[in-house]
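1. A structural model of the following input is requested.
(chains A and B)
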Amino acid sequence: MLAAMVATGCRSVYKGLQTDAAAQPECIRQFAPQFTNTLYSAQVDVTKHHLSGLVLLKLMPDSAIRLVFANEMGFKFFDFEYDKDGNFTKHFIIPKMDKKPVVKTLSQDFALVLLHPDLRNAHVARENGELFVVAPTEKGNNYYITDSACTELRRIEKSSRRKPVVRVELRHYQNGIPDSILIKHLNFKFNISLQRVEKK
Amino acid sequence: MRKWLLIMIGGLIGLQSQAQQGFKAVADLTPLKQQFAKAAQATQSIQCDFVQEKNLSMLSDKITSKGKFWFKKDNKVRMEYTQPSYYLLVINGKDIKIKDSQKENKVSGKSNKLFEQINKITVDCVRGTVLDNADFITRAFENPQYYKLEMTPASKALKEYFSKITLLVDKADYGVSKITMAEQSGDDTTISFLHKQLNANIPDALFSAK
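-> Numbers count the residues shown, from 1 in each chain, chains lettered A, B, ... in the order given. Below is the predicted model of the structure:
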């Protein structure tokens, strides 16, 4: 009994995926948000702490995306840049947050949202009527999960070898931009929720 | 020689920039302090609208927010943001309440150094004692309509956040018309206070922070 439980516990949740060699991973490119100058109201819950603010995503003339998070009163928490190839630059972060694991976690989380994955070694798999674009990473895979025909993005999962550790949902696209974005860490309480607001 | 010439030109440009806006240095702060305190003494309450602009220098962009501001003597402040999203800040003495569209937080100003400083600046501004704040080195300028107070943080903690805070004080009522908080990064946040009503009856319940 114990051996069965241990065996089940160690099994990858993605074990049932069936590879579809004919399908093209590139189909998920259509879901990359077309941020130009987009403002979101942000809610962040980290362990016992809650903070809110505004996130601005701006497409720069060199095709880089700048991402700035400030609180409602104007105090800037961080300013990140992702160039057109997805390379990350930290322009600013408040000293309290300027820790390597914090910057790495945030940069990787928002990279999932920008949806510019390296698909050179990616493949497509299927399970329960869903299509999984599987993009290998250093420590596991990123899964871009859509409906069977790849017309709707259901969720993105950044996973370890066995199970998802971060789940991202991009919902209610309007003109190529999602109205709501949810980033949820599954192994500790760290959630980022963005709701689009009008920028004047 | 060339270096000195450049410094001189730089200095002249700086002087010209102040002069263009018609501001000249106020040498003696004592009369200003007295006038400020006198006007503040007559101010029991303030209510007004505000427009906040967060200027992001590297992005050549800004985020504009709007809302309502209330102050009641001695140390009650309420700032309610309505655009682009809801956010409420209530300061009642040492108690601070923050509410966003999802959650309400109550914090002690004493346990949060930054909030304590913001609290102090806000209350000092409306009480007319801002020039006595030892956390800043203050220089004053004036033109026919305004005083401009340039406050440079003296403490390391504040310097992490601000390079300078500039207050524009209307000579008509010695009330603050505009606050600009400049950050080390080159960004700044400007809050303009509009449609000011002095000494209106504001219920205490508006400042409930417990």
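2. Which of the helices or strands spans the spatially most central residue of chain B?
-> Centrality entry for chain B: nearest residue to the mean C-alpha point is residue B:179, 3.7 Å, by C-alpha atoms, centre = their mean. Secondary structure assignment for residue B:179, by DSSP states H and E: strand B:175-182.
3. what secondary structure does the residue of chain A found nearest chain B sit in?
-> Taking C-beta to the nearest C-beta as the measure, chain A has residue A:74 as its residue closest to chain B, at 3.2 Å. To be clear about C-beta, it is placed using only N, CA and C from the backbone, and glycine gets the same treatment. Following DSSP: H, G, I helix; E, B strand; the rest coil, residue A:74 is assigned to coil.
4. need the contact list for the residue nearest to it when sequence neighbours are not counted.
-> With C-beta to C-beta, 6 or more residues apart in numbering or on different chains as the criterion, residue A:74 has its nearest non-adjacent residue at 3.2 Å, and that residue is residue B:189. Contact analysis of residue B:189 by C-beta atoms under 8 Å, 6 or more residues apart in numbering or on different chains lists A:73, A:74, A:75, B:52, B:53, B:54, B:55, B:180, B:181, B:183.
5. ok, residue B:25 touching residue B:147?
-> No - proximity of residue B:25 to residue B:147 does not meet the contact threshold set by C-beta atoms under 8 Å, at 11.1 Å.
6. And those two? Which one has more around it.
-> residue B:147 (21 against 10; other C-beta atoms under 10 Å in any protein chain shown).
7. ok, and does the helix or strand containing residue A:112 reach over to chain B?
-> In this structure, residue A:112 sits in helix A:100-114 according to DSSP H and E. No - judged by C-beta under 8 Å from any C-beta of the partner chain, helix A:100-114 stays clear of chain B, getting no closer than 15.8 Å.
8. And that helix, what's buried?
-> By 16 or more other C-beta atoms under 10 Å in any protein chain shown, the buried positions in helix A:100-114 come out as A:103, A:106, A:107, A:109, A:110, A:111, A:112, A:113.
9. Pull the distance from it to the chain's centre.
-> Computed by C-alpha atoms, centre = their mean, to the nearest Å, the chain-centroid distance of helix A:100-114 equals 8 Å.
10. contacts for that helix?
-> Against helix A:100-114 from outside (C-beta under 8 Å, 6+ apart): A:32-33, A:35, A:65, A:67, A:78, A:80, A:82, A:86, A:88, A:90, A:93, A:97, A:142, A:156, A:158, A:166, A:168, A:170, A:181, A:183, A:190, A:192.
11. Now, of the residues you listed, which are buried?
-> By 16+ other C-beta under 10 Å, the contacts of helix A:100-114 give A:33, A:35, A:65, A:67, A:78, A:80, A:82, A:93, A:142, A:156, A:158, A:166, A:168, A:170, A:181, A:183, A:190, A:192 as buried.
12. near chain A, which residues of chain B?
-> B:52, B:54, B:56, B:58-59, B:61, B:63-65, B:79, B:81, B:83-85, B:87, B:89, B:100-103, B:105, B:114, B:118, B:160-161, B:181, B:183, B:185, B:187, B:189.
13. Near residue B:45, how many other residues are there?
-> Count around residue B:45 with other C-beta under 10 Å applied: 16.
14. isn't it right next to residue B:202, touching?
-> Yes - at 4.9 Å, residue B:45 counts as touching residue B:202 under the criterion of C-beta under 8 Å.
15. quick one: the nearest residue to residue B:184 once chain neighbours are set aside and residue B:52, what's the gap?
-> In this structure, residue B:184 finds its nearest non-sequential neighbour in residue B:163, 5.0 Å apart by C-beta to C-beta, 6+ apart. Computed as C-beta to C-beta, to the nearest Å, the residue B:163 to residue B:52 distance reads 18 Å.
16. Same drill for these two, tell me which one is more crowded.
-> Set side by side, residue B:163 and residue B:52 show more neighbours around residue B:52, with 21 against 16, by other C-beta under 10 Å.
17. Just to check, the more buried one is in contact with residue B:68?
-> No - in this structure residue B:52 lies outside contact range of residue B:68 using C-beta under 8 Å: 11.8 Å.
18. any idea which element the residue in chain B positioned nearest to chain A lies in?
-> When scored by C-beta to the nearest C-beta, chain B has residue B:189 as its residue closest to chain A, at 3.2 Å. Applying DSSP H and E as the criterion places residue B:189 in strand B:188-198.
19. what are the pairing partners of that strand, and which direction each?
-> strand B:45-56 (antiparallel), strand B:175-182 (antiparallel) (DSSP bridges).
20. send the alpha carbons of it over as PDB?
-> Only the C-alpha atoms of strand B:188-198 are listed here, as PDB (Å, rounded to 0.1, in the frame of the first residue of the first chain):
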ATOM      1  CA  ASP B 188       8.900  61.500 -10.400                       C
ATOM      2  CA  THR B 189       5.400  61.600  -9.000                       C
ATOM      3  CA  THR B 190       3.400  64.900  -9.000                       C
ATOM      4  CA  ILE B 191       0.200  65.400  -7.000                       C
ATOM      5  CA  SER B 192      -1.800  68.500  -7.900                       C
ATOM      6  CA  PHE B 193      -4.600  69.600  -5.500                       C
ATOM      7  CA  LEU B 194      -7.600  71.200  -7.200                       C
ATOM      8  CA  HIS B 195     -11.000  72.700  -6.300                       C
ATOM      9  CA  LYS B 196      -9.900  73.200  -2.700                       C
ATOM     10  CA  GLN B 197     -12.500  73.900   0.000                       C
ATOM     11  CA  LEU B 198     -11.300  75.200   3.300                       C
END
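21. The lowest-mean-pLDDT helix or strand in chain B: what's the following helix or strand?
-> Of all helical and strand segments in chain B, the minimum by mean pLDDT, DSSP states H and E falls on helix B:2-20, at a mean of 48. Sequence-wise, the next helix or strand downstream of helix B:2-20 (DSSP H and E) is strand B:24-25.
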